[in-house]
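1. Pasting a predicted model and its sequence here:
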Amino acid sequence: MQPVLERIHHVEERLARILTSGWRNAGSEAQSLAAEASDLGETGLPELAALIDRVAQSQGETEALPAISLALSACRMLRARLAIDQPPPGRWEPLKPASAKGKGRRDELLPIARLPLVGQTVWACVGLSGSAPDQLILLADPPPPPPPTAGGGPGLIARLFGKAEQPSPPPAVPWLARTLSGHLRWQGRWPLGAGGEVQLQALLQPAWEEPPAEDDPLAGIGKVLAKGKWSDRQILMRSAARSLTIRKAEVADASAYVWPDPAVAAAFRAALPGRSWILLWEEGALTTPLALLEPSGLGHNAKVIHLAP
């Protein structure tokens, strides 16, 4: 295993040199990574090889930066797993999902919007600690929407006159309105720019939580979204270093944001004309757009515009 580790470490050093010198000066250094990718594929690491080759095939800094960040992260994680040829001594068993009847703590998420991520669709969710935002989570294999609220049988017109009613609309996801609970299981780590990251998670035993009759932690969000006008930097929820914020949106701002996937940035530019509000996740110096918003107006509620094709 040692030669494989040395090869991966060598690729890491080359990627770091490209970051240091800048993409414009990468030249043959970047192009020759295609040969490194081919060798890694023959070694038995096809997924890592694909990430390295993505760097080699990048056509500009916009493509190169997320590709390099992802490849570096994959190299480091793989080296950590390959460093020990044998598992530690002792009896080891596979992790099992927590029992729904147990007293284990369930994770709570607030679904925000859909996002594309390397060919799949994930949900951008805010992990909650009590009523405060704790982390941004990309949720893989999201659950179906909750069933519509029971209406107590046929409507008044149908009961009185026997007329058929219009079919009910399909269930919709209550974005920013109801929370999901379950047990998070880590799937992967995704770079946000050169210095940040977001976790890709799955949610086991998911359940939509009913809003409490009193002291609903999401009531403040509902009141803000119900307004016909918002102010720039309107806070929906906030903790010490993280916030979910509404801001005025400009196409020129796209280069100042960090994106989990270039397709999100492309969808942002395509959907922005004619819309002026954006919902942002802010954590330290990193700012990540999650959706565009349309304020409520006469006869309609506020709308979420997903940054997805």
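-> Sure thing, it's come through.
2. right, and the helix or strand after the least confident helix or strand in the chain by mean pLDDT?
-> Lowest mean confidence among the helices and strands of the chain (mean pLDDT, DSSP states H and E): helix 156-161, at a mean of 49. Remark: after helix 156-161, the chain's next helix or strand is strand 180-192, criterion DSSP states H and E.
3. For the spatially most central residue of the chain, list the residues it contacts.
-> Among the residues of the chain, the one closest to the centroid is Leu138, at 3.0 Å (CA atoms, centre = their mean). Residues near Leu138 by CB atoms under 8 Å, 6 or more residues apart in numbering: 115, 117, 122-125, 190, 198-201, 260. For the C-beta atoms, the positions are set from N, CA and C on the backbone; glycine is no exception.
4. min pLDDT across the residues you listed, which one?
-> For the contacts of Leu138, the weakest pLDDT value sits at Trp190, with 85.
5. Residues in a beta bridge with it, which ones?
-> Judged by DSSP bridges, the bridge partners of Trp190 are Val198.
6. And the strands in the stretch 51-200 of the chain, which stretches?
-> Assigned by DSSP state E, counting those that start in this stretch, the stretch 51-200 of the chain shows strands spanning 107-117, 120-129, 132-139, 180-192, 196-208.
7. Also compute the angle for the second one relative to strand 132-139, please.
-> Between strand 120-129 and strand 132-139, the angle comes out at 160 degrees (axes from the mean of the first three to the mean of the last three CA atoms, to 10 degrees).
8. The residue lying closest to Pro142 once chain neighbours are set aside: neighbouring residues, count only.
-> In space, Pro142 comes closest to Trp123 once its chain neighbours are excluded; the distance is 4.5 Å by CB to CB, 6 or more residues apart in numbering. Trp123 has 23 neighbours, counted by other CB atoms under 10 Å.
9. So Thr288 versus Trp281, what's the distance?
-> Between Thr288 and Trp281 the computed distance is 5 Å (CB to CB, to the nearest Å).
10. shared neighbours, those two?
-> Common neighbours of Thr288 and Trp281 (CB under 8 Å, 6+ apart) are Leu136.
11. what ranges do the helices span in the chain?
-> 2-21, 28-31, 33-43, 46-56, 61-82, 156-161, 219-226, 262-271 (DSSP state H).
12. Show me how far the longest one is from its chain's centre.
-> Meaning helix 61-82. Mean-position distance between helix 61-82 and its chain equals 18 Å (CA atoms, centre = their mean, to the nearest Å).
13. what's the answer for stretch 294-303, then?
-> Relative to its parent chain, stretch 294-303 has a centroid offset of 25 Å by CA atoms, centre = their mean.
14. Could you pull up the contacting residues of Ala64?
-> Contacts of Ala64 by CB under 8 Å, 6+ apart are 18, 23, 26, 30, 55, 58.
15. Look up phi and psi at Pro144.
-> Dihedral pair for Pro144: phi -70, psi 160, per degrees, to the nearest 10.
16. need the contact list for it.
-> Pro171.
17. Can you tell me how far it is from Ala113?
-> Distance of Pro144 to Ala113, given as CB to CB: 17 Å.
18. So in terms of bridging, what pairs with the residue nearest to the centre of the chain?
-> When assigned by DSSP bridges, Leu138 has beta-bridge partners Ala124, Leu200.
19. heads up, I number from 32, so please use that
-> Taking 32 as the first residue, the last one we looked at is Leu169.
20. Report pLDDT for it.
-> Here the pLDDT value assigned to Leu169 is 96.
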